[in-house]
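K.L.:
The sequence and its predicted three-dimensional model are supplied below.
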Amino acid sequence: MYAKFPLIIILSLIFLINPFLCCIISFLLIFQQGLKVEVLLFFIALWFGFFGYTFIPGKGFDFIRHLEVFNQYKYYSFGQFLFLLSKQTSVDYIYQFLYFLFSKLKFNNQIVGFISAFPFYLFLFLSLKNLVFRFIGVKYQRYCLIILLLMSFSLTVPWTFSGVRNGTALMVFFYLLSLKDFKDSSLFYKILFVIPIFIHFSLLPFVVIYFISQMLALPKLNKIYWGLVIISPFTKLIILNLSLAFTKLGKFGFLINEKIESYIMNEVETSIYSGAGFRFFLVIIPLIMLGFFLNYRLKNVMKISNGEGMFLRFFLMFHGFMIFTSTTYIFSRVHLLYIYLISFLIIYSIYRVRSSLRDVYRLIIIYVLLSIIPSFIMGREYRVYNSVIFYKSLPGIIETKVYSSSYWSS
């Protein structure tokens, strides 16, 4: 405890003086053996939280609607708030409660950006750390984690978190997935998987896929996988017919039908989720195509532990789900989690596969890391950054106001 306590104090003081400097130092300290990685990741995620606090959105961003909801809650009594929740069809209650709570604590609406970005990046970093520390040997863990973090920076559009509930729900699900083996887990751990659903109801299919992948034998999973691949050209037609059946299941069916109409039947602009064309078409799509090969090779060229096998079984089912939804808006909402999993599998392959493919995997990593440069420029992603987060002290950042006049045309 003595070694950890001063580290937290020192990093806290540096964060107070210059949060960005603390973020850089924390990142570099990951290489240092003996330091608590979770503490370092916390301070990195905290900086991203204040990036969210000073975030400059595009005029068409859903983020702006969340700011407006927050402002409305300032004038609601608790009774009025509960009445509003009882009337809404969604079960996405968690962020509603957070908005109401922080509005009553007299925070300004920029706190919406913080409570969106901070948990998104914190759960992302912790998930990557959990996977590395579970499946990769101690000697290589910190090096692999550094590479994975850099890959996640390269693959994540800076405004991804601004979808608020969906991004956070995905990362909470990712974190639960990374924690432990399904068969060795308690009932309480399994119940925790309802949390992502209450953050954003669209996570329901992920939870179902996870439980199916852990409860069925591999031959049955393969049949389901190939079934999803074969019927994928008819996805919209199939789901349209299912939506009619869901309307007969009461409120729960109505919620599912509502999401179907939002994400599948209605045409939705997906560019704000895809980011620069370079990243999406020349980096993300090839990685998705690589996914099945990675899963197949790891399961067939080596002996794997039970935990590794269960993780790869989920990956197989998730890959099938991605193909099945590839013609719908759902694809643009969930592909990010998928490429985080692929990024880990690339690192894992280098660690486990002793063959000439290692050089190929290394080239893929280099390509992914370098992709951030053209993506950042082509997508003009720099527009979302407020320069104060790079040089001001913490009090200076907190005092920074973001006005609607600074929003850019998306």
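P.N.:
On my side now, so go ahead. Numbers count the residues shown, from 1 in each chain.
K.L.:
how close does G137 sit to P374?
P.N.:
Using C-beta to C-beta, to the nearest Å, G137 is found at 34 Å from P374. Yep, even glycine has a C-beta here, placed from its N, CA and C like the rest.
K.L.:
Pick out whichever of the two has more residues nearby.
P.N.:
More crowded of G137 and P374, by other C-beta atoms under 10 Å: P374, with 15 against 10.
K.L.:
where does the stretch 51-200 of the chain dip in pLDDT?
P.N.:
Along the stretch 51-200 of the chain, the model assigns pLDDT under 70 to residues 89, 182-185.
K.L.:
what are the ranges of the helices in it?
P.N.:
Assigned helices in the stretch 51-200 of the chain, in chain order: 62-73, 78-87, 93-104, 111-135, 138-155, 165-179, 187-191, 194-199 (criterion: DSSP state H, counting those that start in this stretch).
K.L.:
residues contacting the residue nearest in space to the middle of the chain?
P.N.:
Within the chain, one residue has its C-alpha closest to the average C-alpha position: by C-alpha atoms, centre = their mean, that is M171, at 3.9 Å. Shown in contact with M171 (C-beta atoms under 8 Å, 6 or more residues apart in numbering): 119-124, 127, 337.
K.L.:
go on, I199?
P.N.:
92, 94-95, 165, 168-169, 172.
K.L.:
which non-adjacent residue is nearest the residue nearest to the centre of the chain?
P.N.:
For M171, the nearest residue in space outside its immediate sequence neighbours is F123; the separation is 3.7 Å by C-beta to C-beta, 6 or more residues apart in numbering.
K.L.:
where does the stretch 251-400 of the chain have low pLDDT?
P.N.:
Flagging of the stretch 251-400 of the chain using pLDDT under 70 yields the residue ranges 251-278, 300-306, 354-356.
K.L.:
Phi first, then psi, for R358.
P.N.:
Here the main-chain torsion angles of R358 (degrees, to the nearest 10) amount to phi -50, psi -40.
K.L.:
Grab the nearest non-local neighbour of it.
P.N.:
Among residues not flanking R358 along the chain, I350 sits closest, at 5.4 Å (C-beta to C-beta, 6+ apart).
K.L.:
Measure how buried that neighbour is and give me the count.
P.N.:
For I350, the tally of surrounding residues (other C-beta under 10 Å) stands at 21.
K.L.:
same deal with Y403?
P.N.:
7.
K.L.:
next one: F42
P.N.:
If you count neighbours by other C-beta under 10 Å, F42 ends up with 17.
K.L.:
Just give the nearest non-adjacent residue to it, would you?
P.N.:
If you skip the residues right next to it in sequence, F42 has L122 as its closest partner in space, 6.7 Å away by C-beta to C-beta, 6+ apart.
K.L.:
just L16 next, same as before
P.N.:
The spatial neighbour of L16 that comes closest, neighbours along the chain excluded (C-beta to C-beta, 6+ apart), is L394 at 5.0 Å.
K.L.:
Isn't that neighbour up against I14?
P.N.:
No. Under the criterion of C-beta atoms under 8 Å, L394 lies out of contact with I14, with a separation of 10.0 Å.
K.L.:
Could you chop this structure up by domain?
P.N.:
For the chain, the structural domains run 1-54+386-404, 55-385, going by automatic domain parsing.
K.L.:
Could you tell me the end-to-end distance of the longest one?
P.N.:
To tie it back to what came earlier, the one meant is domain 55-385. Terminal residues of domain 55-385 lie 6 Å apart, using C-alpha to C-alpha, to the nearest Å.
K.L.:
and the gap between the residue nearest to L16 and F20?
P.N.:
10 Å.
K.L.:
So which residues make contact with stretch 381-391?
P.N.:
18-20, 47, 50-51, 54-58, 157-159, 162, 275-276, 375-376, 396-397, 400, 402, 408.
K.L.:
gap between the two ends of that stretch?
P.N.:
19 Å.
K.L.:
Would you pull up how far stretch 84-103 lies from the middle of the chain?
P.N.:
Relative to the mean C-alpha coordinate of its chain, stretch 84-103 is positioned 21 Å out (C-alpha atoms, centre = their mean, to the nearest Å).
K.L.:
which residues sit against it?
P.N.:
When contacts are taken as C-beta under 8 Å, 6+ apart, the neighbours of stretch 84-103 outside the stretch itself are 66, 69-71, 73-74, 76, 78, 81, 111-112, 115, 164-165, 168, 195, 197-201, 251, 254-255, 258.
K.L.:
want to throw the helices of the stretch 51-200 of the chain into CSV with distance to L216?
P.N.:
CSV is the format used below for these (distance: least, C-beta to C-beta, whole Å):
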stretch, distance to L216
helix 62-73, 36
helix 78-87, 36
helix 93-104, 30
helix 111-135, 22
helix 138-155, 29
helix 165-179, 17
helix 187-191, 16
helix 194-199, 21
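K.L.:
And these: which comes nearest F31?
P.N.:
For F31, the closest of the helices of the stretch 51-200 of the chain is helix 138-155, at 5.8 Å, according to C-beta to C-beta.
K.L.:
Buried residues, the closest one. List them.
P.N.:
Buried residues in helix 138-155, counted by 16 or more other C-beta atoms under 10 Å: 141-142, 144-145, 147-152, 154-155.
K.L.:
picking that back up, just the ones of the contacts of stretch 381-391 in strands?
P.N.:
The strands, defined by DSSP state E, take in nothing from the contacts of stretch 381-391.
K.L.:
Check those residues for burial and list the buried ones.
P.N.:
Neighbour counting by 16+ other C-beta under 10 Å classes 18-20, 47, 50-51, 54-58, 157-159, 162, 275-276, 375-376, 397, 400, 402 among those as buried.
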